[in-house]
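**Q** let's see this in three dimensions:
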Amino acid sequence: MKHPLFLIAAAMIVACSPQKNASAQQPAAQWSKTTLKKEDANALLRFETGGCRGYCPIYKLTFRNDGSMEYFGNRHVEKVGNQTIKLTADEFSQLQNAVRRANLWEQPERLPSQVADAPPHTFTVFNTEKKHSVRAMGPMPQPMQELENLVQNIAEAHGIMVKKGVDPNDPASMKGQVIVKFKPDVNAGNFCMQFMEFKTKPVRRLGEDNIWLIGYNPSELTEEQFINIISGMDGVLEVQADKPVQERN
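**A** The predicted structure is shown next:
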């Protein structure tokens, strides 16, 4: 049996031994910066907008180190869905300089704001190992405002409209059209009135067989989505994209 004095001495040695600080083992990235995900390994900057009580455009722009920009339009934009474009060398150089001036790494995760119902704008900056997001609702530091203006200008220079929201209730917004062949007893107007989650309307009749040109708003859904939704509905015999007569099925 071990002597009690030996046990006491052993306990004192353990108590006096330097203990590892659990918090010191945590990398700083876990406190203020988010660890980088695999799909963002080549990203430089992401800019995304949120909604408001009106028709603020909701979209995301991701700029990558290879000089490409990936657009994703969500709601109240002229184009819903994805598009990738290649920046010019001058645009990419301007973007890199603007990111450096904005100094996003040193900004807090949320900027203070007293503006009611301001749409949130979020900047996310990346390096090879981690990322950091800054969310602003309302006024922001001038370098950040200049960065926002630049990314929007780049998108619009390539035909992607992002500065102005699209009102889905405006009849002029229904620029999308598909050709629908209904059963003989289906009223096209009544068919369109049943949708509550998006806007659609009959544009004109194309033939005696109850074939109609049906309009929808591309800011709410893509052509493929619209066709998929209505193609399996009661009273619909056939749906196809609005193409020249010689290209129709």
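**Q** tell me the pLDDT at residue 147?
**A** Note on residue 147: pLDDT of 97.
**Q** ignore what I typed, I meant residue 109.
**A** In this model, residue 109 carries a pLDDT of 95.
**Q** what of the one 4 residues further on?
**A** According to the model's per-residue confidence, residue 113 sits at a pLDDT of 79.
**Q** show me the shaky parts of this structure.
**A** Where the chain drops to pLDDT under 70, the residues are 1-34, 36, 116, 171, 244-249.
**Q** strands of that one, start to end?
**A** For the chain, strands defined by DSSP state E occupy the ranges 34-35, 43-49, 58-64, 68-75, 81-86, 121-126, 130-136, 176-182, 200-207, 211-216, 236-241.
**Q** quick check: angle from the third one to strand 81-86?
**A** With axes from the mean of the first three to the mean of the last three CA atoms, to 10 degrees as the criterion, the two stretches strand 58-64 and strand 81-86 enclose an angle of 30 degrees.
**Q** now tell me what touches strand 58-64 from outside.
**A** By CB atoms under 8 Å, 6 or more residues apart in numbering, the surrounding residues in contact with strand 58-64 are 42-51, 69-77, 87, 95, 151, 155, 162. No exception for glycine: its C-beta is placed from N, CA and C like everyone else's.
**Q** same thing with the second one?
**A** Residues external to strand 43-49 that are found in contact with it (CB under 8 Å, 6+ apart): 40, 56-65, 95-96, 99, 119-126, 131, 147-148, 151.
**Q** go ahead and build a PyMOL selection from the buried members of those residues.
**A** Written as a PyMOL command, the selection of buried residues from the contacts of strand 43-49, which uses 16 or more other CB atoms under 10 Å, is:
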select buried, resi 40+56+57+58+59+60+61+62+63+64+95+99+119+120+121+122+123+124+125+126+131+147+148+151
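**Q** and the closest residue to residue 212 other than its chain neighbours, what is it in contact with?
**A** Closest residue to residue 212 apart from its sequence neighbours, by CB to CB, 6 or more residues apart in numbering: residue 188 at 4.5 Å. For residue 188, the contacting residues are 180, 182, 202, 205, 210, 212, 214, by CB under 8 Å, 6+ apart.
**Q** now, of these, which are buried?
**A** 180, 182, 202, 210, 212, 214.
**Q** now for the closest residue to residue 146 other than its chain neighbours: which residues touch it?
**A** With sequence-adjacent residues excluded and distances taken as CB to CB, 6+ apart, residue 146 is closest to residue 98, at 6.1 Å. Residue 98 sits next to 143, 146, 147, 150 when contact means CB under 8 Å, 6+ apart.
**Q** any idea how far residue 98 lies from residue 123?
**A** 11 Å (CB to CB, to the nearest Å).
**Q** distance from the longest helix belonging to the chain to the middle of the chain?
**A** If you go by DSSP state H, the chain has its longest helix at helix 142-157. Its chain's C-alpha centre and that of helix 142-157 lie 16 Å apart, by CA atoms, centre = their mean, to the nearest Å.
**Q** about what we covered before: between the buried ones among the contacts of residue 188, which is closest to residue 82?
**A** Nearest to residue 82 among the buried ones among the contacts of residue 188 is residue 214, at 24.1 Å by CB to CB.
**Q** which residues touch the spatially closest residue to that closest one that is not a sequence neighbour?
**A** Spatially, and ignoring its direct neighbours in sequence, residue 214 is nearest to residue 180 (5.0 Å; CB to CB, 6+ apart). Each residue near residue 180 by CB under 8 Å, 6+ apart is listed here: 188, 211, 212, 213, 214, 230, 236, 238, 239.
**Q** one step back: pull up the overlap in contacts between residue 98 and residue 123.
**A** In contact with both residue 98 and residue 123: residue 147, using CB under 8 Å, 6+ apart.
**Q** what's the angle from the longest helix of the chain to strand 81-86?
**A** Computed by the same axes, to 10 degrees, the angle between helix 142-157 and strand 81-86 is 100 degrees.
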